[in-house]
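Asker: Sequence and predicted structure below; questions after.
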Amino acid sequence: MSEHLETPAESPHFVQLLTPEGVRVQHPDYSFDGDAEQIKGFYRDMVLTRRVDIEATALQRHGELGLWAQLLGQEAAQIGAGRALRPQDFVFPTYREHGVAWCRGVDPLKLLALFRGVDQGSWDPAERNFGLYTIVIGAQTLHATGYAMGVQRDGAVGTGDPDRDTAVVAHFGDGASSQGDVNEAFVFAASYNAPVVFFCQNNQWAISEPFERQSRIPLYRRAEGFGFPGIRVDGNDVLATYAVMQSALQRAREGGGPTLVEAYTYRMGAHTTTDDPTRYRVSDEVEHWKLKDPIARVEAHLRRGGMAEESFFTGVAAEAEALGERLRDGCRSLPDPAPGPLFDNVYAEMTEELAAQRDGYADYVASFEGVA
């Protein structure tokens, strides 16, 4: 860590409620008031999300997926953020929010279909209040801000109705924070006091570029220059992430405007399955962060407090095995797509020019029928 960047322990805004050893600690501004059942639910979410990630990585290695963006080590950040949402809140993800997708009820097979290249994103964003994955780095922050401004104009902010007041979340990584789109989103969100939470998973590496080469100050402090609050949370602590996101989302719903949440975490795997992280980071760094594993600390907490029987852990493990089997079989059974829908989904109403392109392509494909 460069001298100009404070460490998390030095940050007055660093929020942690569960230590890597599984011990609960207090914070003056944030607390987790959930019970043992909710913590067990977080544990289950994280274990199953990690299993999705492990299976998808293995499927890509066996040639069943063209690519996969790993989330190994970031489960607490995603589950904490995802479970803090209300049904009416809307999420704009990047391409790595598999845990948030899980919380919003998106079948993991639909994620695999994207990376297999047989699906253009067939889940209905309006049904799940979860947008399609975004490959263009940082673009979704502008989408989220625009949607949040629309929510304001629909009168769904600050009404006092917990079933109507809406917040929007824009997910992005530390690398994306250097993109112009992200900073433009900050400007518009601040100018219009938009009900959006910018949730940055700072996993320390923008592909092969360490974060300290991108910023002269900690990421959460960038919010000051745009005129809204920034907070850094232990992104490997699911309890703290949940508490911080609950607060930021409620502030947005009440009309308090945007917040930047920096989830300080670590990408223990590769950026994607085309990446070789051993070329740019040392193994000691990875081993250091393994000691902060988000799943292990919750398991330690549950066991330490006698909040879960051994049957609970074996049950979750069995559920993960069943999920892995379903994903393996389901992925290999995904049908190849027909080319026609690619044209149908470009515009809300088909144009004459696009219809001609569609028909011409259909004729081209048909010309190969019966050809050995």
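Answerer: In hand now; what should we look at?

Asker: I'd like the next helix or strand past the helix ranked longest in the chain.
Answerer: For the chain, the helix with the greatest residue count under DSSP state H is helix 36-61. For helix 36-61, the following helix or strand on the C-terminal side (DSSP states H and E) is helix 75-83.

Asker: what packs against that following helix?
Answerer: Here helix 75-83 touches helix 36-61, helix 98-103, strand 196-202, helix 238-253, strand 259-264, helix 294-304, going by 3 or more CB pairs under 8 Å, 6 or more residues apart in numbering; DSSP states H and E. Yep, even glycine has a C-beta here, placed from its N, CA and C like the rest.

Asker: list the helices and strands the fifth one packs on?
Answerer: Contacting strand 259-264 under the criterion 3+ CB pairs under 8 Å, 6+ apart are the following elements: helix 75-83, strand 196-202, helix 222-226, strand 230-234, helix 238-253.

Asker: let's go with 10 Å and repeat that
Answerer: Applying 3 or more CB pairs under 10 Å, 6 or more residues apart in numbering; DSSP states H and E, we find strand 259-264 packed against strand 14-15, helix 75-83, strand 168-173, helix 180-191, strand 196-202, helix 222-226, strand 230-234, helix 238-253.

Asker: tell me the pLDDT at residue 339?
Answerer: Residue 339 is assigned 78 on the pLDDT scale.

Asker: my bad, should have said residue 12
Answerer: At residue 12, the model reports a pLDDT of 62.

Asker: Next: residue 284.
Answerer: With respect to pLDDT, residue 284 scores 87.

Asker: how deep is it tucked in, by neighbour count?
Answerer: Residues lying near residue 284 (other CB atoms under 10 Å) number 8.

Asker: And residue 129, how close does it get to residue 152?
Answerer: As defined by CB to CB, to the nearest Å, residue 129 lies at a distance of 17 Å from residue 152.

Asker: Show me the helices in the stretch 251-372 of the chain, by range?
Answerer: 283-290, 294-304, 310-332, 340-344, 352-366 (DSSP state H, counting those that start in this stretch).

Asker: Reformat those helices into JSON lines and put distance to residue 64 next to each item.
Answerer: Listed next are the helices of the stretch 251-372 of the chain as JSON lines, based on distance: least, CB to CB, whole Å:
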{"stretch": "helix 283-290", "distance to residue 64": "26"}
{"stretch": "helix 294-304", "distance to residue 64": "25"}
{"stretch": "helix 310-332", "distance to residue 64": "6"}
{"stretch": "helix 340-344", "distance to residue 64": "22"}
{"stretch": "helix 352-366", "distance to residue 64": "24"}
